[in-house]
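Visitor: Coordinates for the following, if possible.
(4 chains)
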2 protein chains.
Amino acid sequence: MTSETDPRFLRSREAILNAARELLLESGPTAVTHVQVADRAGVGRATVYRHWPQAEPLLLEAMATVPMPFLDRPTTPTREWLRRELTAIARQLELDDVRAVSTTLANTALWDENMDTRRAQFAGILADRLAAALDDAEARGEITLTLTSRNAAAMTIGPMYYRSTIEHAPTDSALIEAAIAALGTWSTD
Amino acid sequence: MTSETDPRFLRSREAILNAARELLLESGPTAVTHVQVADRAGVGRATVYRHWPQAEPLLLEAMATVPMPFLDRPTTPTREWLRRELTAIARQLELDDVRAVSTTLANTALWDENMDTRRAQFAGILADRLAAALDDAEARGEITLTLTSRNAAAMTIGPMYYRSTIEHAPTDSALIEAAIAALGTWSTD
DNA sequence: ACGCTGCGAGTCAAGTTGTCTCATAAGATT
DNA sequence: AATCTTATGAGACAACTTGACTCGCAGCGT
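Guide: Down below sits the predicted model:
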């Protein structure tokens, strides 16, 4: 029986990850220490060290357990799809855990290489998917882009992200509509 | 002689603040501890405790020593002013220390009340100034706003902030132009 | 029932934290 | 120049934290 299938091992692992995530959400990344995680998880301190000798990879994995907003596979009309997806992201950004994970990512990525890799991955997925969807939409004649499609993620998600993390207020639909309109000229106005 | 005018007191204070700021920029907010600050400042550990018994208010003051991007008093034509100001902010957001301070602010504000107050202040100033400038511009007939002026900060600074902190790339002028255009219909197109 | 292995509890040295004391010297006051 | 004031550095100190290790136990697959 290898470690990875031992139910005791998996049970501890889950308890530790849950405790780490809860601590992150309640008290921030600095609260994710071996002692606090062990207490919260109802697990021996040595067990936490056995699973994650370093606290930082644990934080990274705990953050990965929080469902982050992504863009679903595009459907047509693209404008409706975009409106739906951006609204979903706006709603997600109002959740404490999503805010906690994204600001922790943006912050710690400045000094931690692994966090930076995760940040780049996250940013890349959003930018890629949106760019691809918009390029397709343009090819289909749904929109004439004013911006290069690589600017689309910043233009649409940026305002909502700023609203959520800096202004700490919900995004209204007018902001979403303005962002969508800013991408280019939609054919079916 | 009161403490606040004693040159020895002021010298220590400055050395401590500088050391704290350097540590924040080089290694993140968790590096701002009494010991590390004392070492870096060339000051006794007890002195740091005397000036700031808690590490967090020290971090807060150290962050305040970093010049953050703000909007200058508006001039006409408003569109030119806005272009100039947003370009300046975009350039500021490429500086490591501005990124460090803003992401640290956004992150720690979620769990620290003093940080949250500072965040709200910062967000408020930007939103207020921009809203006032745009309301004036609309009154003068320079623009017909599509968005409420309270959405303007998120719409313009948001994309640059996202570009800088999540995508970790410089803002190009096309993004700034698109954001400006998204605010409404400018009369002198 | 047996053997394996992850676990909790506990021990330990090394390091950290926050507090306090004291001699010193920088700076104000005359 | 002499004197008083007070911030400082060095260091002592107890309480606590960190990371590594040991060992008996019990959950689990065979």
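
Visitor: going forward, measure contacts and count neighbours with C-alpha atoms only.
Guide: OK.

Visitor: Look up which helix or strand residue A:40 falls in, please.
Guide: With elements taken from DSSP states H and E, the one containing residue A:40 is helix A:34-41.

Visitor: What lies in contact with that helix?
Guide: A:15, A:16, A:18, A:19, A:20, A:23, A:44, A:45, A:47, A:48, A:49, A:55 (C-alpha atoms under 8 Å, 6 or more residues apart in numbering or on different chains).

Visitor: Adding neighbour count as columns, could you present the residues you listed in TSV?
Guide: Rendered in TSV, the data for these read as follows (neighbours: other C-alpha atoms under 10 Å in any protein chain shown):
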residue	neighbour count
A:15	18
A:16	26
A:18	18
A:19	21
A:20	30
A:23	21
A:44	15
A:45	15
A:47	16
A:48	24
A:49	14
A:55	17
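
Visitor: Take these and lay them out in JSON lines including pLDDT.
Guide: Compiled in JSON lines, the contacts of helix A:34-41 are given as follows (pLDDT from 0 to 100):
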{"residue": "A:15", "pLDDT": "98"}
{"residue": "A:16", "pLDDT": "98"}
{"residue": "A:18", "pLDDT": "98"}
{"residue": "A:19", "pLDDT": "98"}
{"residue": "A:20", "pLDDT": "98"}
{"residue": "A:23", "pLDDT": "98"}
{"residue": "A:44", "pLDDT": "96"}
{"residue": "A:45", "pLDDT": "97"}
{"residue": "A:47", "pLDDT": "97"}
{"residue": "A:48", "pLDDT": "98"}
{"residue": "A:49", "pLDDT": "98"}
{"residue": "A:55", "pLDDT": "97"}
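
Visitor: if we can go back for a sec, check whether the helix holding residue A:40 comes near DNA strand C.
Guide: No - Helix A:34-41 stays out of contact with DNA strand C when judged by C-alpha under 7 Å from any atom of the strand, the minimum separation being 7.9 Å.

Visitor: tell me which residues in that helix are buried?
Guide: Buried residues in helix A:34-41, counting neighbours by 16 or more other C-alpha atoms under 10 Å in any protein chain shown, are found at A:34, A:35, A:37, A:38, A:41.

Visitor: just curious, which of those residues is nearest to chain B?
Guide: Proximity of these to chain B (C-alpha to the nearest C-alpha) peaks at residue A:34, which lies at 16.1 Å.

Visitor: So which residues on chain A come close to DNA strand D?
Guide: A:1, A:6, A:7, A:8, A:33, A:34, A:35, A:46, A:49, A:53, A:54.

Visitor: In helices, which of those fall?
Guide: Residues from those lying in helices, with DSSP state H as the criterion: A:7, A:8, A:34, A:35, A:46, A:49.

Visitor: Tell me which two in those residues are the farthest apart.
Guide: The two members of these with the most space between them (C-alpha to C-alpha) are A:7 and A:35, at 22.9 Å.

Visitor: any chance you could map the strands in chain A?
Guide: For chain A, applying DSSP state E gives strands covering A:143-145, A:184-186.

Visitor: near chain B, which residues of chain A?
Guide: With C-alpha under 8 Å from any C-alpha of the partner chain as the criterion, chain A comes near chain B at residues A:26-28, A:30, A:100, A:103-104, A:106-108, A:110-111, A:119-120, A:123-124, A:146-147, A:151, A:154-163, A:165-168, A:174-175, A:178-179, A:181-183.

Visitor: coming back round to it: could I get the strands of chain A as CSV with distance to residue B:81, mean neighbour count and mean pLDDT?
Guide: Written out in CSV, the entries for those read as follows (distance: least, C-alpha to C-alpha, whole Å; neighbours: other C-alpha atoms under 10 Å in any protein chain shown; pLDDT from 0 to 100):
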stretch, distance to residue B:81, mean neighbour count, mean pLDDT
strand A:143-145, 26, 19, 97
strand A:184-186, 24, 17, 97
